[in-house]
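[1] here is my input, please return the structure:
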Amino acid sequence: MKLVHKDIEKDNAGQVTLIPEEAEDMWHTYNLLQVGDSLRASTIRKVQTESSTGSVGSSRVRTTLTLCVETIDFDSQACQLRVKGTNIQENQYVKVRVLAHVERASEALAVDILLISDKLFRHQDIATRSRYVRLVDNVKENGGNVRIFSSLHVSGDQLNQLSGVAAILRFPIADVSEAEEDSSSDED
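    Coordinates of the predicted model:
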């Protein structure tokens, strides 16, 4: 394995950039990774595109993902590392899991129906769990309905692939990125 960059703090926090050169290097990477780490790696994804006529096509593209690691698995027979996690950096093919959009809509009392995965209530990070419990409580207090989807069901799995949380709104609200642009232009 080739060490390209290393920046480790005294508290063992930091980052390293590694390039695997042999199949066995995946074993070493498996032993270095922990749940909660950020991992950037190249992968191939199936991307669907819709033309102006409405026809849908798909192609396989190579892209770089940055994940917050949730589970790690090593296949010793194939010397392959499988990492599951949440996207934390957006690119042209993969969106970041944030629907901040749904929280902002809830704050604006715009959420009519909150769609949320039960997986978010079992998240290892207590702060993340609390964040979604507060969101559910806020929607209920403001007269909204909450629908919890099981991650063991196809519908819950599909919701997890999007972000784990979505909302049907009572009325439209400005996009979060548009609101941030407006506020930054007000400051200028």
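[2] use CA for all of it now, contacts and neighbours both
    Fine.
[3] could I get the CA-only coordinates of the helix or strand where L3 lies as PDB?
    Using DSSP states H and E, L3 sits in strand 2-8. Provided in PDB are the C-alpha atoms of strand 2-8 (Å, rounded to 0.1, in the frame of the first residue of the first chain):
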ATOM      1  CA  LYS A   2       1.300   3.500  -0.900                       C
ATOM      2  CA  LEU A   3       0.900   6.200   1.700                       C
ATOM      3  CA  VAL A   4       0.300   9.500  -0.200                       C
ATOM      4  CA  HIS A   5      -0.600  11.800   2.700                       C
ATOM      5  CA  LYS A   6      -0.700  11.600   6.500                       C
ATOM      6  CA  ASP A   7      -2.000  14.200   8.900                       C
ATOM      7  CA  ILE A   8      -2.700  12.800  12.300                       C
END
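[4] sort out which residues of it are buried, please.
    Neighbour counts over strand 2-8 (16 or more other CA atoms under 10 Å) mark no residue as buried.
[5] so what secondary structure elements neighbour the helix or strand just after that strand?
    Using DSSP H and E, the helix or strand that follows strand 2-8 in sequence is strand 14-19. Contacts defined by 3 or more CA pairs under 8 Å, 6 or more residues apart in numbering; DSSP states H and E place strand 14-19 against strand 2-8.
[6] other SSEs contacting the strand it packs on?
    strand 14-19.
[7] give me the contact list for the strand it packs on.
    M1, K2, L3, V4, H5, K6, D7, I8 (CA atoms under 8 Å, 6 or more residues apart in numbering).
[8] show me what contacts the fourth one?
    It stands for V4. V16, T17, L18, I19.
[9] the strands in the protein, which residues?
    Taking DSSP state E as the test, the strands found in the chain are 2-8, 14-19, 38-50, 56-75, 80-87, 111-117, 145-149, 165-169.
[10] how many neighbours does N142 have?
    15 (other CA atoms under 10 Å).
[11] and for L109?
    Applying other CA under 10 Å, we find 18 residues neighbouring L109.
[12] would you mind measuring from it to V146?
    14 Å (CA to CA, to the nearest Å).
[13] next: F121.
    14 Å.
[14] need the overlap of contacts for these two.
    Applying CA under 8 Å, 6+ apart, one finds that no residue jointly contacts F121 and V146.
[15] doesn't N160 make contact with S150?
    No. Counting by CA atoms under 8 Å, S150 stays clear of N160, with 9.7 Å between them.
[16] neighbour-wise, which of these two wins?
    Neighbour count, other CA under 10 Å: between S150 and N160, N160 has more, with 22 against 16.
[17] excluding its backbone neighbours, what's nearest the more buried one?
    S117 (6.6 Å; CA to CA, 6 or more residues apart in numbering).
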